[in-house]
Structure formats: structure tokens, C-alpha cells
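Engineer: the sequence and its predicted three-dimensional model are supplied below.
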Amino acid sequence: MGPECAPTQGPDDPSAPPDEDFTSRFTTAISRISRRIRVTSFTMTYGALSALATIDRSGPLRPAELADIERVTRPSITRIVAALESRGYISRTDDPNDGRAFVVAITPSGRTALKQARTERAGDIACLMEGLTDPQLEALHQALPALERIARNASTGTERR
């Protein structure tokens, strides 16, 4: 486990860490799914899509705030913002609290592109799920709240709550 990550609860013993084999298999599965979706997805990079979704969800943001949320460097977010702006997916305006800075907000065409990318990714996942049995699909439905919590923790930087 990483240095910022405290042990989590195991299934039978609340003080026990998760089974190492389980976490290894889980990591491998998530990584493979993620790579597959990245390869076949919409013409936007994963970083740009993630940043656009964050801007849509969190409202106008300074690039530095966006970099912190996305956990990328300032130079990386500068490139992402420039690419999104050049496509017309975001617009920049002066920061109302600091005239020297600016904030970025999603545009209508950015929302359209985001919706299209999400639709394509959902289609990719649906294709990957083809052939699963009803019990396997039910298990995924049951696991979804836990997966959403993991994703929420990853996007907010809170490893443990």
C-alpha cells in the first residue's frame, strides 16, 4: 500500500487489510479495462476528458485548481487547457476575485463533446460486458456503490474516510 494509504477493512475482520491477491487482481482488472477504453475512446485524450468533466462538474475553475483536482502538474494542465480551448470546449474569463488570473468554464460544444465521449465509453464498457452471466452482471451492480466510492476518493484525494 502507498505511503498515504492506511490499511482498510477486510471482509471478515474490520481491522484486517484487504487480501493482497484480491487487491492485485482488482488493480490488474481495472488497469486493463481503463487501457482498453482509452485506446478505443473518443478523439479526446483521457487527461483532457477528465479535465473537461471536472470543469463541467465543479464550475469555473482556475487552472491551478483544476491541476490540483486532476492531480497533474501545472505545465500539464496548461497544455490540456490550451487544447480544450482551441477546440472550443472551454472558455476563459477573468477571475472575478483576481483580475490577474483567469478561470475556465465549459461551453455548450464542450458539453456536447463530453456527452459524446461518455456515450462512447459506455458503449465500450457494454461491449466488454457482453457474455457475462446474469449472476456476474448482478455482482457488478452490487459492487457499483463501492466502486463509485473508490472513484470519488480518488478524484477528491481522500484515500480514507
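Structural biologist: Looks like it came in fine. Numbers count the residues shown, from 1 in each chain.
Engineer: ok, now how distant is the most centrally placed residue in the chain from Pro96?
Structural biologist: In the chain, the residue lying closest to the centroid (Cα atoms, centre = their mean) is Ser50, at 5.4 Å. Distance of Ser50 to Pro96, given as Cβ to Cβ, to the nearest Å: 26 Å. Just so you know, the C-beta spots here come from the backbone N, C-alpha and C atoms, and that holds for glycine as well.
Engineer: quick one: the residue nearest to the centre of the chain is in a helix?
Structural biologist: Yes - assessed with DSSP: H, G, I helix; E, B strand; the rest coil, Ser50 lies in a helix.
Engineer: model confidence for it, exactly?
Structural biologist: We note a pLDDT of 91 for Ser50 in this prediction.
Engineer: give me the element Asp56 is part of.
Structural biologist: Following DSSP states H and E, one finds Asp56 within helix 46-58.
Engineer: packing partners of that helix?
Structural biologist: helix 63-70, helix 74-86, strand 98-106, helix 108-129 (3 or more Cβ pairs under 8 Å, 6 or more residues apart in numbering; DSSP states H and E).
Engineer: next, the angle helix 46-58 makes with the least confident helix or strand in the chain by mean pLDDT.
Structural biologist: For the chain, counting by mean pLDDT, DSSP states H and E, helix 20-40 ranks last in confidence among helices and strands (a mean of 84). Calculated by axes from the mean of the first three to the mean of the last three Cα atoms, to 10 degrees, helix 20-40 forms an angle of 100 degrees with helix 46-58.
Engineer: show me how far helix 20-40 is from its chain's centre.
Structural biologist: Distance of helix 20-40 from the chain centroid (Cα atoms, centre = their mean, to the nearest Å) equals 14 Å.
Engineer: please apply the same query to stretch 109-118.
Structural biologist: 15 Å.
Engineer: try stretch 82-100
Structural biologist: 21 Å.
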